[in-house]
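In: pasting a predicted model and its sequence here:
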Amino acid sequence: MNKLLGKRALVTAGAQGIGLAISQQLLRAGCDVVVHYRSSGEAAQSLVDEAARLARRCVTVGGDLTETDECDRLVAETVTFLGGLDILINNAGSLIARRTFADATDDFWASTMSLNLGSMRKTTRAALPHLAAAAKSGGGASIVNLASLAGRKGGHTGSLAYSTAKGAVLTFTRALATELGPQGIRVNALAPGLILGTSFHNTHTTPEAARATVAGIPLGRGGNADDIARAAVFLASEFDGFITGATLDINGGVYAC
């Protein structure tokens, strides 16, 4: 039996890189999906076309999730389209730029926190009543937060602000799981390592740095977006399971807890 068939999901930043792969695999697993995007409108539309071929429902919604009103609007449009919400994938986030501690201005620090942690907090807050309603009527609901290996290890030079934000995502996940567990809402996180072929690493990781990182990975390769998407779909499917407050590290063995 397909546990995800007919489940209703929202994926933030769901039209490129890891988010795109998650959106695709949720659709293929039987979910109806709202795909949030900020600048990847054309890619988002391709997901609507794929959903039609799969006989699933899908719509795209643009917005800047650093703004509270935009998060509220995204969730409102999601629930109107889907009729409720069972699964929230908080994928929005970025390094923005590499800056040392000395060079990270207050505005840069605030922007990094707002994008990587604030957007997650605001979107989750808006979604909470709908997830709680789904949990009550459908046996559970699931939140999956995208963190990073940088949140575990501290990241490479110039990623202090980003690493701090992603470390906070790990704590946010554990604390929220404790708070929302009595409502039947599971909260888990994914911590990807080097995921090649994404705009993140294409922008912020040089080929030389990528090769050096791969050389230290026990499995001998970098990851890809589908490696993360499969794990996201698994955790999403645990809306009625016993896994909560956990972080799944997906890094080829370069870091293990």
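Out: Sure, I can see it. Just so it is clear, the model here is predicted, and its values are computed rather than measured.
In: contacts and neighbour counts: CA atoms only from here.
Out: OK.
In: helix, strand, or coil at the residue lying closest to Thr12 once chain neighbours are set aside?
Out: Once flanking residues are discounted, Thr12 sits nearest to His36: 4.7 Å by C-alpha to C-alpha, 6 or more residues apart in numbering. Here His36 is recorded as strand under DSSP: H, G, I helix; E, B strand; the rest coil.
In: regarding this protein, what is its longest strand?
Out: strand 185-192 (DSSP state E).
In: which elements pack onto that strand?
Out: With contacts defined as 3 or more C-alpha pairs under 8 Å, 6 or more residues apart in numbering; DSSP states H and E, strand 185-192 has these neighbours: helix 119-138, strand 141-146, helix 149-153, helix 160-180, helix 225-237, strand 247-250.
In: could you rerun that using 7 Å?
Out: On a contact count with 3 or more C-alpha pairs under 7 Å, 6 or more residues apart in numbering; DSSP states H and E, strand 185-192 meets strand 141-146, helix 160-180, strand 247-250.
In: so which of these comes closest to Asp106?
Out: Closest of the helices and strands packed on strand 185-192 to Asp106 is helix 160-180, at 10.6 Å (criterion: C-alpha to C-alpha).
In: what does the closest one contact?
Out: 95, 100-101, 109, 112-113, 116-117, 147-148, 150-152, 154-155, 186-189, 244-246 (C-alpha atoms under 7 Å, 6 or more residues apart in numbering).
In: and Gly93, how close does it get to Ala132?
Out: According to C-alpha to C-alpha, to the nearest Å, Gly93 and Ala132 sit 25 Å apart.
In: out of those two, which sits in the more crowded spot?
Out: Taking neighbours as other C-alpha atoms under 10 Å, Gly93 and Ala132 compare with Gly93 leading, 24 against 21.
In: follow-up on the earlier one: what sits up against the longest strand of the chain?
Out: 132, 135, 140-149, 170, 173, 176-177, 228, 239, 244-251.
In: just say which of the helices and strands packed on strand 185-192 is most tucked in.
Out: strand 141-146 (a mean of 28; mean count of other C-alpha atoms under 10 Å).
In: next, the angle from that one to helix 225-237.
Out: Strand 141-146 and helix 225-237 are oriented at 150 degrees to each other (axes from the mean of the first three to the mean of the last three C-alpha atoms, to 10 degrees).
In: other SSEs contacting strand 141-146?
Out: Using 3+ C-alpha pairs under 7 Å, 6+ apart, the elements in contact with strand 141-146 are strand 87-90, helix 119-138, strand 185-192, helix 225-237.
In: any idea how many residues pack against Gly158?
Out: 17.
In: so it sits against Arg99, correct?
Out: Yes: Gly158 lies in contact with Arg99 (C-alpha atoms under 7 Å); the separation is 4.3 Å.
In: now the helices and strands packed on strand 185-192 as a markdown table including mean pLDDT and distance to Leu47?
Out: A markdown table is the format used below for those (pLDDT from 0 to 100; distance: least, C-alpha to C-alpha, whole Å):
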| stretch | mean pLDDT | distance to Leu47 |
| --- | --- | --- |
| strand 141-146 | 98 | 20 |
| helix 160-180 | 97 | 27 |
| strand 247-250 | 96 | 25 |
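In: okay, and for the stretch 101-250 of the chain, where does confidence drop off?
Out: 197-205 (pLDDT under 70).
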